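Enquirer: Next one to model:
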Amino acid sequence: MIHRLFIFCFSTLLATSVCAQEKVTERPDWQKYFVQYQASGTIVVADQRKTAETISVFDAKRAAKPYPPASTFKIPHTLFALDSGVLRDEFQVFRWDGVKRAFAGHNQDQDLRSAMRNSTLWVYQGFAKQIGEEKARRYLQQIDYGNADPTTDHGGDYWIDGNLRITSYEQIAFLKKLYRNTLPFRVEHQRLVKDVMINEAGRDWILRAKTGWEGRMGWWVGWVEWPSGPVFFALNIDTPQRLDDLYKREAIVRAVLRDMKALPPAPADDKEASR
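Expert: Next up, the predicted model:
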């Protein structure tokens, strides 16, 4: 009970701190996108396309609540693996062990790009085993990532089933450092991670992002690069229908970003499909 009270108080303090340092605008109008997709969640957007950054949020209380990062942790985890030498480069091949897993994309040899694209858990479980808990803790503390706790109480992976937690605001803060290459890692490693995060691109914009799913909730975090500046986002939603809810992560973010003109309008066939 005391532990839960501490987490609540810390989350409230964090939200207050964020608001005190930077003006955060509540966007209750974004609720329509969560209603459209029958989802409960939050989204934070930091828009740097103008001289002064604007930070907008739907459900600020939830945005300050820490959750397991799930596969969004593959972003910093890749940096840890590169820095420690566990991962040599984007061409290193990780041989499939022949164990059939639930996601078909996991049942094959992997390299960095496929492991990121398919969110291949067993590759990153290997990284975690080789890096070890103490070194992981040092990395987490160096980058000020969430509560920096790489432990588990009942087994499993510390970024999914363990004690590592991060808020939506903290996700944004981490992504800003990666965007600027200011994390305590080699610049070429940060650039490689950003390269494998590319989801989509147009003539004058690039969308870099990573999904995450813990079972009960899911993330989509990243940013859109424009000549005028980046637009960072961090969304998490509840996923009571599990796999059936996962498409909602991208759908809600894209709707919000299009509303802000931070993504081009949806193609006509996408609009028809969303009706």
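Enquirer: okay, how far is it across stretch 43-54, tip to tip?
Expert: Its start and end residues considered, stretch 43-54 measures 14 Å (Cα to Cα, to the nearest Å).
Enquirer: got the residue ranges for the strands in the chain?
Expert: 24-26, 41-47, 54-58, 198-201, 206-213, 217-226, 229-238 (DSSP state E).
Enquirer: Take the ones you listed and lay them out in a markdown table including distance to Asp245, mean pLDDT and mean neighbour count.
Expert: Every C-beta, even on glycine, is put in place using the N, C-alpha and C of the backbone. Output for the strands of the chain, formatted as a markdown table (distance: least, Cβ to Cβ, whole Å; pLDDT from 0 to 100; neighbours: other Cβ atoms under 10 Å):
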| stretch | distance to Asp245 | mean pLDDT | mean neighbour count |
| --- | --- | --- | --- |
| strand 24-26 | 25 | 95 | 13 |
| strand 41-47 | 10 | 98 | 25 |
| strand 54-58 | 17 | 97 | 21 |
| strand 198-201 | 19 | 97 | 14 |
| strand 206-213 | 9 | 98 | 22 |
| strand 217-226 | 7 | 98 | 24 |
| strand 229-238 | 7 | 98 | 24 |
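Enquirer: which ones are touching the nearest residue to Gln92 once chain neighbours are set aside?
Expert: Leaving aside its sequence neighbours, Gln92 sits nearest to Asp111 (Cβ to Cβ, 6 or more residues apart in numbering; 6.3 Å). By Cβ atoms under 8 Å, 6 or more residues apart in numbering, Asp111 lies in contact with Glu90, Phe91, Gln92, Val93, Phe94.
Enquirer: Repeat that for Trp30.
Expert: Counted by Cβ under 8 Å, 6+ apart, Trp30 has contacts Ile43, Ser56, Phe58, Val256, Asp259.
Enquirer: Would you confirm that the fourth one contacts Val231?
Expert: The one in question is Val256. No: contact criterion Cβ atoms under 8 Å: Val256 and Val231 do not qualify, at 10.1 Å.
Enquirer: Give me the common contacts of these two.
Expert: Counting by Cβ under 8 Å, 6+ apart, the contacts common to Val256 and Val231 are Val45.
Enquirer: May I have the residues that are in contact with the residue lying closest to Phe94 once chain neighbours are set aside?
Expert: Excluding its sequence neighbours, the residue lying closest to Phe94 (Cβ to Cβ, 6+ apart) is Gln110, at 4.7 Å. By Cβ under 8 Å, 6+ apart, the residues touching Gln110 are Val93, Phe94, Trp96, Asn118, Thr120, Val123.
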